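1. Pasted the sequence and its predicted model underneath.
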Amino acid sequence: MSDLSDKKAPTVTESLGGAALGADVQSKVKPVQIWAAVGGAILVLQLYVWIRWITGPYFERVPGGPTDPPMYMKAFLTFNGILMCVGLPIAIWWFIVRPWRRERRITLDGMLMVSMGLMFFQDPLLNYFNTWCTYNTWLWNRGSWSSDIPGWVSPEEPGRQVSEPLLINAPGYTAGVLIITIFGCWVMRKIKARWPNISNLRLILVTYAFTFVLDFFMEAGFMLPFGLYTYPGSIRSVTVFAGTYHQRPIYEGLMWGGVQAALCCLRYFTDDRGRTVVERGLDHVRGGVVKQQFVRFLAIFAAVSGCFFFFYNVPAQWIGMHADPWPEDHLKRSYFNGGICGDGTDVPCPDPALPIPTKRSGYINTDGELVLPEGVELPKTVPFERGK
């Protein structure tokens, strides 16, 4: 693989005729086809879950509750929402429509943008086993598709769950993550120009350090203090501003910094035709240009999804199982609780002193009593068989 130059060759896919290929070459499964198969399976799963959500009971607004957010939060969140909604169509025109009109093709950045928008599906997964991150329910929302994800564990009810602020998050993942990725690649090129002999490994590590710092600046400086989302279950011993509603765990930067660095590397390290590592063998995919482009997109989508899943959502599960008690500064703000626990319910918010409830289990209420699901009884103790 060669580094992406400032004037990268356009990504062109050409369909090679069967006469140009040996029969053994045509019969082999190419890496791009494996990646595309994975991407196709992920896409089918996402469409299935989203359809169930839209047609099911969880497609319902989660109210903000009796606490009104302060004006500085409302102003920032409103401005951010407008910026995202205005910026998305501009990004679609710039990265997809404009290149298509000029070159009749979808560029790598266009496919990355669509893939990152679809990557938004994974956003709720950090709360899969235990709720340790919440969004501001003052924002417009229609609940979340989390409970329709196969095997979802954390307890939720329609109108009482961690909601997804669609007007901010959907454009944010689609255009915002791509723009940061492009910026990260620009930084990588500057580093390479300044130190031409730097190894790829060191370049990746420097990029990782850069994305870690950038994520800290964005989250600790803006997103958390202005109330877009919170990490109430942060492990406080490795958290800055611990005990506040805007506490920010250090490991968050390690995880999302890893995602962002991986996305930068996916876009930066390409061959002389501007193709990523997951597009190997694309020329040998038979069926015409349209099929090639679709296979290419699915492969890129699989790689983008893998970056988010393995660098963030896998370690987030372990972290979620070791969450600390939610701080009072968070608990007193109803717009952060989503009605899932705390005041107004009989459910205490997650605390390591309590068993972690699931969608199928009972829970310990605020009076210290076990509340079982309707129609469920405590399991009976079966005595051991004893020899005569």
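-> Looks like it arrived, so ask away.
2. so where is this protein shaky, pLDDT-wise?
-> Counting by pLDDT under 70, the low-confidence segments of the chain come to 1-27, 388.
3. quick check: longest helix of it.
-> Ranked by residue count under DSSP state H, the longest helix found in the chain is helix 31-55.
4. Let me know the next secondary structure element after it.
-> Toward the C-terminal end, the helix or strand that comes next after helix 31-55 (DSSP states H and E) is helix 71-92.
5. Counting by contacts, list what that following helix packs against.
-> Packed against helix 71-92 by the contact rule (3 or more C-beta pairs under 8 Å, 6 or more residues apart in numbering; DSSP states H and E) you find helix 166-171. C-beta coordinates here come from the backbone N, C-alpha and C atoms, glycine included.
6. Enumerate the positions of stretch 156-171 that are buried.
-> 156, 160-171 (16 or more other C-beta atoms under 10 Å).
7. Quick one: end-to-end distance for it.
-> Chord length of stretch 156-171, first to last residue, is 25 Å (C-alpha to C-alpha, to the nearest Å).
8. The stretch 101-250 of the chain: helices as residue ranges?
-> Across the stretch 101-250 of the chain, reading from the start of the chain, the helices by DSSP state H, counting those that start in this stretch fall at 108-119, 166-171, 177-194, 200-218, 250-268.
9. Minimum distance to residue 333: which of those has it?
-> Proximity of the helices of the stretch 101-250 of the chain to residue 333 was assessed by C-beta to C-beta; the nearest stretch is helix 166-171, lying at 18.2 Å.
10. Quick one: distance of that closest one to the chain centre.
-> Centroid separation for helix 166-171 versus its chain: 12 Å, with C-alpha atoms, centre = their mean, to the nearest Å.
11. Wait, residue 315 touches residue 259, no?
-> No - the pair residue 315 and residue 259 fails to qualify as a contact (C-beta atoms under 8 Å) at a distance of 10.8 Å.
12. how about the closest residue to residue 227 other than its chain neighbours, what does it touch?
-> Closest residue to residue 227 in three dimensions, ignoring its sequence neighbours and counting by C-beta to C-beta, 6 or more residues apart in numbering: residue 73, at 4.1 Å. Shown here is residue 73, whose contacts under the criterion C-beta atoms under 8 Å, 6 or more residues apart in numbering are 136, 138, 226-227.
13. list the contacts for residue 95?
-> With C-beta under 8 Å, 6+ apart as the criterion, the residues that contact residue 95 are 107, 109-110, 113, 178.
14. mind listing what's buried in stretch 39-49?
-> Counting neighbours by 16+ other C-beta under 10 Å, one finds that the buried residues in stretch 39-49 are 39-40, 42-43, 46, 49.
15. Strands along the stretch 201-350 of the chain, start to end?
-> Applying DSSP state E, counting those that start in this stretch to the stretch 201-350 of the chain gives strands spanning 229-230, 239-240, 248-249, 269-270.
16. hang on, the earlier thing: which one's more surrounded, residue 315 and residue 259?
-> More neighbours sit around residue 259 than around the other of residue 315 and residue 259, counting by other C-beta atoms under 10 Å; the figures are 22 against 15.
17. Could you measure from that one over to residue 125?
-> Residue 259 is 12 Å from residue 125, where distance means C-beta to C-beta, to the nearest Å.
18. now residue 307
-> Here residue 307 is placed at a distance of 13 Å from residue 125 (C-beta to C-beta).
19. Ok, residue 133 next?
-> Distance of residue 133 to residue 125, given as C-beta to C-beta: 10 Å.
20. re the thing from before, ok, which pair from the contacts of residue 73 is furthest apart?
-> With distance counted by C-beta to C-beta, no two of the contacts of residue 73 lie farther apart than 138 and 226, which are 11.7 Å apart.
21. Have a look at those two and say which one is more surrounded.
-> In this view residue 138 and residue 226 are compared by other C-beta under 10 Å, and residue 138 has more residues nearby, 22 against 19.
22. give the contact list for that one.
-> For residue 138, the contacting residues are 64, 68-69, 73-74, 77, 227, 335, by C-beta under 8 Å, 6+ apart.
23. ok, 10 Å please
-> With contacts taken as C-beta atoms under 10 Å, 6 or more residues apart in numbering, residue 138 has the following neighbours: 63-65, 67-69, 73-74, 77-78, 165, 227, 333-336.
24. ok, of the residues you listed, which one's closest to residue 290?
-> Closest to residue 290 out of those is residue 165 (35.7 Å), distances taken as C-beta to C-beta.
25. For that closest one, give me phi and psi.
-> For residue 165, the backbone dihedrals are phi -70, psi 90 (criterion: degrees, to the nearest 10).
26. For the closest residue to residue 333 other than its chain neighbours, what are phi and psi?
-> With C-beta to C-beta, 6+ apart as the criterion, residue 333 has its nearest non-adjacent residue at 5.1 Å, and that residue is residue 67. Phi and psi for residue 67, reported as degrees, to the nearest 10, are phi -80, psi 130.
27. neighbours of residue 67, just the number please.
-> Per other C-beta under 10 Å, the neighbour tally for residue 67 reads 14.
28. Assess the claim that it and residue 339 are in contact.
-> No - Residue 67 is not in contact with residue 339 according to C-beta atoms under 10 Å; the separation is 11.9 Å.
29. picking that back up, redo the contacts of residue 95 as a markdown table? Include distance to residue 53 and neighbour count.
-> Formatted as a markdown table, the entries for those read as follows, by distance: C-beta to C-beta, whole Å; neighbours: other C-beta atoms under 10 Å:
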| residue | distance to residue 53 | neighbour count |
| --- | --- | --- |
| 107 | 31 | 19 |
| 109 | 29 | 19 |
| 110 | 27 | 23 |
| 113 | 23 | 27 |
| 178 | 25 | 23 |
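30. and which of those residues is nearest to residue 217?
-> Nearest to residue 217 among the contacts of residue 95: residue 178, at 18.7 Å, using C-beta to C-beta.
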